[in-house]
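> sequence below, structure please.
(one chain, ligands or ions: 1)
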Amino acid sequence: MPAPHMPIERGPRIGTNLLRQSRTQFKKSRVCLTRSSLIWFLLAQLLAWSTFAAAADTQHEQIVAEKVESLVARMTLTEKIGQLNLISQGEPVEEQLASVRAGRVGAMLNVVDPAIIDRYREAASQSRLKIPLLFGLDAVDVFRIAFPPPIAWAATFRPELAEAASRSVAGETAAIGVNWTFAPMVDISRDPRWGRVVEGAGEDPYLGSVMAAARVRGYLAGGLMPTAKHFVGYGAGESGRDYNGALIPTSDLYDRYLPPFQAAFNAGAQTVMGALNAINGVPATANAFLMYRVLRRDMGFKGFVTSDYNAIGELINHGLAADLAAASRLALKAGIDLDMEGYGYDRHLAAELAASRVTQIQIDHAVARILTVKFNMGLFDEWSRKTAPPEAETRKIARQIARESFVLLKNDNTVLPIATGVKTIALIGDAAKTDFDESWYGPAGLTQPATQTLYDAMKERLAPGQSIVYEPAFADRCGKSLADDAAAVRAAERADVIVLIVTEDCEFSGEGTSRANLDLSTAQQTVLDRLSATGKPLVLVVTAGRPLTLTAAAAKAQAILYAWLPRTEGRAALAEILTGEVNPSGKLPMSLPRSVGQIPISYDVLPTSRPPTESRYTSRYLDENVTPLYPFGFGLSYTTFEYTKLRPQSVVLDLAGSMFIDVDVTNTGSRSGQEVVQLYVRRPVASRSRPIRELKGFQKIALRPGETRTVRFDLHGRALAFHDDEGKRVEEPGPVQIFVGGSSQATLSADLVMK
Ligand code: GLC
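Here you go, the predicted model:
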């Protein structure tokens, strides 16, 4: 199983003619540059040209490069700046259409009505050069059928399902004429206080890379150009607060945050969205180091970079620019090609050029990068409307990805699945009757597709003689206030098993939803405590877009099922799991902390000088365990699995070679089930302190009761490289430990040596 983990490769060589050209441009620019910014200015020029020239690596790229150069040569300055202008569709429509006809708009976002898209497309065809528009949308996991969110896709540990889901969402969206999606979000995050973890693949760079590539393949197959976002380090914002700055050491940048972007580019993503926040004090939107040295040189990215929504204008808030004109020139120089809804390029670039505060080359290269992607997308070819995938197929994928995303965290006395002998089930929580899905980024105004509530889906699956008693318990869908909780207790007292569903939904995850407290709400914990006091077996179902702190809940519930945001097909899938029709197989893509005080938290921590023990003078808390409540990669099944005979092909792993690692996995339980077999490595001695574990492979397998399967991993020496403080790859010999099991706490291990 080749490790898809893509080490960061050096990009194309820098062209010598750029040096000559940039000296000329630099003299003209008369920009007062300090020594360091002079270096970055020159490098930006060098790399801008090298990127453009290097775009012609293959014959196809050569053909496109010639078309682009010929088109750029015919464009007026207004038309060039127009290609750098991405606006949100809105009133007055006629004014916007006139701008499009005048060549002053290159891309639109948030148009979800096909008739309106057609009007803007028609307007572009009436412009002088007829350059087609990009129509961008946050087509992530919801267009018509609402899929579970990407964090749930990661919990399946099945990239093929993530690919299929992305393809479905893209297919529905492309059918209305959208051609570009602002997805996948590939931000690694170890901080569930940040509400946008819902859009990503969790805390791990390897899982994040595999899922990034799968989602890119899916969006492309569905007809949309993907955007890898948010470049870079948006998920590391201080204190878990959205938009907050992140301080990321260069070695960590290359080891943890860049790999999913590299995987996305290698899978075909040709656009990147800059992050809204500052990285090490410099906003991504004005960060030439990130956009040229890292993105274009080191990672070899040849596509275009769009700002995030008004991110150029927000350079003023960041304190980098006194006004929009200054912000616009900073962004252009830093390599931001497209201005999303900032109107800075539209209003100020011509004057900035006239004043020689930006150069024609900078504008031309931004235009060329955008036009190159438009040609690569086939936008200049004959346009034909796509048809949406068959709804039944989309629903089937949505059902399966939901089924495999649920994570069974606890199941004392196998209270789950609910046995057919259980006569009365108390189903508590108004979310059991929810049939409405909202998503902060899903297109507004579209009809909600047919769906089932959990209550109806459970009723359909009752065994003969079984019954359900339902009580809402909460007065609102976010579980913030109590309804008649006494009635809930009475229902529980009549029942043999209690299923309490609590939700974090209601726009509690996504952009702008950072939380300082991740406990269940007071009302939710109150109901849980009262139901638990009845002494009946209590199953807790949590629907949330992020890890919550469930320590108090885990003390009361006999079973906990993490269902993320199940949505259109997921509520029925939940009933399939609760009644045992389907065996849960999800694993945690993020550690579940015991308390907020442990955050940031992840499994791949460094060993520290004094690893935590009971002793006072070690890396521990006086008032909390250092381990998560439930660790990365963890998830139970209705059956059990045993790992034996870990057999590396050799004890020596060549730095430039690879080896097979075999392990036997047996289903030791009484029913079929799926297991995510995970391979972790550790480098106990190296030139830098290395994580106590790093995921380097996983395979999800299905086993019948009693069946044993040999699972083979293909571990490459290159996958154990890391980066130094300059971002340089370090491949060095030394001891390596491998661990294989069903979570990041795997114990079956072997020792190797890398040479
Ligand atoms: C938002 C988000 C970004 C999204 C964009 C367009 O601010 O940060 O992820 O794609 O705006 O909606």
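
> ok, the closest residue to the ligand within the stretch 551-700 of the chain - contacts?
Going by Cβ to the nearest ligand atom, the ligand is nearest to Leu565 of the stretch 551-700 of the chain, at 17.5 Å. The C-beta positions use only the backbone N, C-alpha and C, and glycine is treated the same way. Contacts for Leu565 (Cβ atoms under 8 Å, 6 or more residues apart in numbering) come out as 148-149, 152, 198, 437, 505, 509, 543-545.

> out of those, give me the two with the largest separation.
Distance extremes for the contacts of Leu565: the farthest pair is Asp437 and Ala544 at 14.3 Å, using Cβ to Cβ.

> which residues touch the closest residue to the ligand within the stretch 101-250 of the chain?
At 3.3 Å from the ligand, Phe182 is the closest residue in the stretch 101-250 of the chain, using Cβ to the nearest ligand atom. Neighbour list for Phe182: 109, 136-140, 227, 229, 273 [criterion: Cβ under 8 Å, 6+ apart].

> how about Ile81?
Contacts of Ile81 (Cβ under 8 Å, 6+ apart): 104, 345-346, 349-350, 363.

> now pLDDT, secondary structure and distance to Leu253 too, for the residues you listed, in CSV please.
Formatted as CSV, those follow (pLDDT from 0 to 100; DSSP: H, G, I helix; E, B strand; the rest coil; distance: Cβ to Cβ, whole Å):
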residue, pLDDT, secondary structure, distance to Leu253
Arg104, 98, coil, 37
Tyr345, 98, helix, 28
Asp346, 98, helix, 32
Leu349, 98, helix, 30
Ala350, 98, helix, 35
Ile363, 98, helix, 29
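
> of those, which is the most crowded?
Ranked by the number of neighbours (other Cβ atoms under 10 Å), these place Tyr345 first, at 31 neighbours.

> so Met551 versus Leu561, what's the distance?
Actually, residue 551 is Thr rather than Met. 17 Å (Cβ to Cβ, to the nearest Å).

> those two: who's more crowded?
Neighbours were counted for Thr551 and for Leu561 using other Cβ under 10 Å; Leu561 has more, 25 against 15.

> am I right that that one is in a strand?
Yes. Applying DSSP: H, G, I helix; E, B strand; the rest coil, one finds Leu561 inside a strand.

> show me what contacts it?
Applying Cβ under 8 Å, 6+ apart, we find Leu561 in contact with 406-409, 416, 539-542, 574, 577-578, 584.

> let's see which of these end up in helices.
574, 577-578 (DSSP state H).

> adding neighbour count, write these out as JSON lines.
Formatted as JSON lines, those follow (neighbours: other Cβ atoms under 10 Å):
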{"residue": "Leu574", "neighbour count": "26"}
{"residue": "Ile577", "neighbour count": "24"}
{"residue": "Leu578", "neighbour count": "28"}
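
> mind checking pLDDT for the residue lying closest to Asp437 once chain neighbours are set aside?
Distances taken as Cβ to Cβ, 6 or more residues apart in numbering place Ala146 nearest to Asp437, at 4.0 Å, with adjacent residues excluded. On pLDDT, Ala146 comes in at 93.

> low pLDDT regions in the stretch 151-300 of the chain?
Low-confidence segments of the stretch 151-300 of the chain (pLDDT under 70): none present.

> which parts of it are helices?
Remark: helices assigned in the stretch 151-300 of the chain by DSSP state H, counting those that start in this stretch are 159-174, 205-222, 250-252, 259-266, 288.

> who in the stretch 201-350 of the chain is up against the ligand?
Within the stretch 201-350 of the chain, the positions lying close to the ligand (Cβ under 6 Å from any ligand atom) are 229, 276, 308-309.

> meant to ask about the chain
Residues of the chain found near the ligand (Cβ under 6 Å from any ligand atom) are 109, 138, 182, 229, 276, 308-309, 511.

> and of the residues you listed, the nearest to Tyr643?
Closest approach between these and Tyr643, by Cβ to Cβ: Lys229, at 37.2 Å.

> in JSON lines, list the ones in helices among the contacts of Leu561 along with distance to Thr608.
Output for the ones in helices among the contacts of Leu561, formatted as JSON lines (distance: Cβ to Cβ, whole Å):
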{"residue": "Leu574", "distance to Thr608": "40"}
{"residue": "Ile577", "distance to Thr608": "39"}
{"residue": "Leu578", "distance to Thr608": "41"}
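
> break this structure down into its domains, please.
Per automatic domain parsing, the domain ranges recorded for the chain read 16-376, 641-754.

> out of the ones you listed, which is the most enclosed?
Of all these, domain 16-376 has the most neighbours on average by mean count of other Cβ atoms under 10 Å, namely a mean of 22.

> the residue nearest to Gln448 when sequence neighbours are not counted: which element?
In this structure, Gln448 finds its nearest non-sequential neighbour in Phe436, 6.3 Å apart by Cβ to Cβ, 6+ apart. Using DSSP states H and E, Phe436 sits in no helix or strand.

> so Phe436 makes contact with Pro449?
No. Contact criterion Cβ atoms under 8 Å: Phe436 and Pro449 do not qualify, at 11.1 Å.

> re earlier: can I get the contacts of Leu561 in JSON lines including pLDDT and distance to Leu695?
Output for the contacts of Leu561, formatted as JSON lines (pLDDT from 0 to 100; distance: Cβ to Cβ, whole Å):
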{"residue": "Phe406", "pLDDT": "98", "distance to Leu695": "21"}
{"residue": "Val407", "pLDDT": "99", "distance to Leu695": "16"}
{"residue": "Leu408", "pLDDT": "99", "distance to Leu695": "20"}
{"residue": "Leu409", "pLDDT": "98", "distance to Leu695": "19"}
{"residue": "Leu416", "pLDDT": "98", "distance to Leu695": "27"}
{"residue": "Val539", "pLDDT": "98", "distance to Leu695": "30"}
{"residue": "Leu540", "pLDDT": "98", "distance to Leu695": "28"}
{"residue": "Val541", "pLDDT": "98", "distance to Leu695": "27"}
{"residue": "Val542", "pLDDT": "98", "distance to Leu695": "24"}
{"residue": "Leu574", "pLDDT": "98", "distance to Leu695": "27"}
{"residue": "Ile577", "pLDDT": "98", "distance to Leu695": "25"}
{"residue": "Leu578", "pLDDT": "98", "distance to Leu695": "30"}
{"residue": "Pro584", "pLDDT": "98", "distance to Leu695": "21"}
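
> ok, these vs Leu320, which is closest?
When those are ranked by distance to Leu320 (Cβ to Cβ), Val542 comes first, at 41.1 Å.

> which residue is nearest the middle of this structure?
The residue lying closest to the centre of the chain (Cα atoms, centre = their mean) is Gly200, at 2.1 Å.

> ok, that one touching Asp191?
No. Using Cβ under 8 Å, Gly200 makes no contact with Asp191, being 11.3 Å away.

> who touches both of the two?
Gly235.

> do you know which of the helices of the stretch 151-300 of the chain lies nearest Leu520?
Going by Cβ to Cβ, the one of those nearest Leu520 is helix 205-222, 26.7 Å.

> centre of the chain to that closest one, how far?
The chain centre lies 9 Å from the centre of helix 205-222; the measure is Cα atoms, centre = their mean, to the nearest Å.
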